[in-house]
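Undergrad: everything below, folded, please.
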Amino acid sequence: MQAKAFILTIDLGTSGPKVCIFDENLVLIESAFHEVPLYLVGQNGAEQNPQDWIFAIKKCIQELRVKNEQLLKRVDAINVTAQWSGTVALDSNHHPIGNAITCMDSRGAPYAHQLTDGLLTVDGYDLIKVLRWIQITGGAPTKSGKDSIAHILYLKNECPEIYHETNVFLEPLDYLNYFLSGRVCASHDSISLHWITDNRDINHIKYSDSLIKKCGIDAKKLPPLIPTNSILGKIRPELAIEWGISPDTQIVSGTPDVQSAAVGSGGVKDYIPHLYIGTSSWLVCHVPFKKTDLLHNLASIPSGIPGRYMLINEQQTAGACLQFLKNQIFFPKNSIMGEVAPVDIYKKMDLLASEVPAGSDGLLFLPWLNGERTPVDQQHLRGGLINLSLQHEQKHMIRAVMEGVALNSRWLMQHAEKYCGKTFEAIHFIGGGAHSHIWSQIFADVLNRPIKRMKDPLTANSKGAAALGLVALGKLTMAEVEAKIEVNETLLPNPNTIEIYNQSFKNFRKFYCKNSSFFKEMNQRVKTK
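TA: Numbering: from 1, shown residues only. Prediction:
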């Protein structure tokens, strides 16, 4: 009888790593999480210390070892999924040089602009310049400056001593893979947001010499490429001893968080979308083609499944909006009131939101607390509660925030469906937001689509990493993966709210159209002070 397979996953988010152990049926056996700090630098910088990542991962392993040491010894492989569009600079000894630049960092925006600015522009992109980028990569460096290539250009232009000392630039995922296996490389999917790989043949992806030259970066500072979902080799011997894990444990190349979430959501087939609501949000699905919608920041790039493309997009703040309401409005730190949020605060917020009718009695929330990337790439946009009156209470604010995030997703969905050439039949829902029944129903009503709340929505990234790792080991097929990922419940749109939310969406879009230029003028003025 064949021994049961077990896989350990590391999901590195901006809040910290979650380490899980799954069996071959994608059942979660054990898990641990440890938080890591985020360092905000000036107005646009956001960094983390890679050593904080390693320390937190080791703490998780220690916790799992205490919980179930024998299970840890039976792990067959480790697969990492991680925050995407980050940059770790390593010296010639492969030690990190300072902090890692995270996906929230936009200090490279001026240098990203230089790559695609010009005379004949559409939405800020020079058509002649950008056409070549799109033809080769499927996309182009975004104006936000939050892509990996913008980070590298920021270091080259504003931190030349770091750039000069750097031997190789790695994504957070690829840095953790180096830590685990001792191998420096990047996979076809992890490198995508550098926008310097030729993705025209999904099975033969390579660096584009011409685009590297256009960027003006040193090709020698880029990692060698390997195919998606590759086996990197065995865990480093000294790490196996320290962790109490088998020295034969295989390290799989892993995926960025969006790619693993697509698999962990159960959306394995083409055109099966999943909505992720965490700190940020996205609406993603696998597609059978390479295509770009530059005007709305949508593109298909290599997915975590070998030989497949995936529609990619991201909206900046989703769950972060509810967190902002909690931390900065209801229970601010160092408040003279001395109040602390209860442990079950989000459950209480759900109950309060459920007391308010659809439309929040005319209160509208704009969720652009950190600008926006899709379907508009405008970092000057800002959020707010619109039409606030003395009659509105805390419960109205909570529901309005939930509805505002959902209206923003509806805006994105319109363009995603047009991109795919079809209406989505239903949407798989994952991330922390999917724990909320009322928010799930709001999404069903606002989007006017059935919402499938997936089982264990917070572990979708980890589950996707586990599934892909087991596929890499030959223990599962993708068809078997799809069958093993379960739906918790399906929420249908309430027909009584259709007209209410149609009007809310019209107001939402109208406010954007009338005030986008105002936000730009106001926030450019703030920057110059």
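
Undergrad: just checking, next helix/strand downstream of the helix or strand containing residue 452?
TA: Using DSSP states H and E, residue 452 maps to strand 451-454. The element immediately downstream of strand 451-454 (helix or strand, assigned by DSSP H and E) is helix 460-472.

Undergrad: that next one - contacts with which helices or strands?
TA: For helix 460-472, the packing partners by 3 or more CB pairs under 8 Å, 6 or more residues apart in numbering; DSSP states H and E come out as strand 6-13, strand 16-23, strand 28-33, strand 77-82, strand 250-256, helix 257-264, helix 478-484. No exception for glycine: its C-beta is placed from N, CA and C like everyone else's.

Undergrad: any buried residues in the helix or strand that the third one is followed by, and which?
TA: Next along the chain after strand 28-33, taking DSSP H and E as the criterion, comes strand 39-41. In terms of neighbour count (16 or more other CB atoms under 10 Å), strand 39-41 has no buried residues at all.

Undergrad: I'd like the average pLDDT over strand 39-41.
TA: Averaging pLDDT along strand 39-41 yields 93.

Undergrad: in terms of secondary structure, what does whichever helix or strand comes after that strand contact?
TA: Downstream of strand 39-41, the next assigned helix or strand under DSSP H and E is strand 45-48. With contacts defined as 3+ CB pairs under 8 Å, 6+ apart, the packing partners of strand 45-48 are strand 39-41, strand 100-101.

Undergrad: low-confidence regions, the chain specifically.
TA: For the chain, the stretches flagged by pLDDT under 70 are 1-3, 120-124, 334-338, 525-529.

Undergrad: element containing residue 347?
TA: Judged by DSSP H and E, residue 347 forms part of helix 345-354.

Undergrad: contacts for the following helix or strand past that helix?
TA: Sequence order places strand 364-366 as the next helix or strand after helix 345-354, per DSSP H and E. Here strand 364-366 makes contact (CB atoms under 8 Å, 6 or more residues apart in numbering) with 321, 381-387, 397, 400-401, 403-405, 504, 507-508, 511-512.

Undergrad: filter these down to the ones in helices?
TA: Counted as lying in helices by DSSP state H, out of those, are 321, 397, 400-401, 403-405, 504, 507-508, 511-512.

Undergrad: need these in CSV (columns: neighbour count and distance to residue 374).
TA: Output for those, formatted as CSV (neighbours: other CB atoms under 10 Å; distance: CB to CB, whole Å):
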residue, neighbour count, distance to residue 374
321, 25, 16
397, 22, 25
400, 29, 22
401, 29, 19
403, 29, 19
404, 26, 16
405, 26, 14
504, 23, 20
507, 16, 20
508, 24, 15
511, 15, 18
512, 18, 13
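
Undergrad: looking at these, which one is closest to residue 330?
TA: Ranked by distance to residue 330 (CB to CB), those are led by residue 397 at 8.6 Å.

Undergrad: and stretch 85-95, which residues are buried?
TA: For stretch 85-95, using 16+ other CB under 10 Å, the buried residues are 85-90.

Undergrad: picking up where we left off before, what packs against the helix holding residue 347?
TA: helix 394-420, helix 437-447.

Undergrad: buried sites along the first one?
TA: By that I understand helix 394-420. Quick answer for helix 394-420 (16+ other CB under 10 Å): 395-413, 415-417, 419-420.

Undergrad: angle of it against helix 437-447?
TA: For helix 394-420 against helix 437-447, the angle by axes from the mean of the first three to the mean of the last three CA atoms, to 10 degrees is 50 degrees.

Undergrad: run the chain-centre distance for helix 394-420.
TA: Distance of helix 394-420 from its chain centroid, counting by CA atoms, centre = their mean, to the nearest Å, is 17 Å.

Undergrad: for the last one, same thing?
TA: When distances are taken as CA atoms, centre = their mean, helix 437-447 is centred 21 Å away from the chain's centroid.

Undergrad: tell me what it is packed against?
TA: Looks like helix 437-447 contacts helix 345-354, helix 394-420, strand 427-430, strand 451-454, strand 487-491, helix 498-528 (3+ CB pairs under 8 Å, 6+ apart).

Undergrad: before we move on, the earlier item: nearest to residue 462 among the ones in helices among the contacts of strand 364-366?
TA: Nearest member of the ones in helices among the contacts of strand 364-366 to residue 462, counting by CB to CB, is residue 405, at 23.5 Å.
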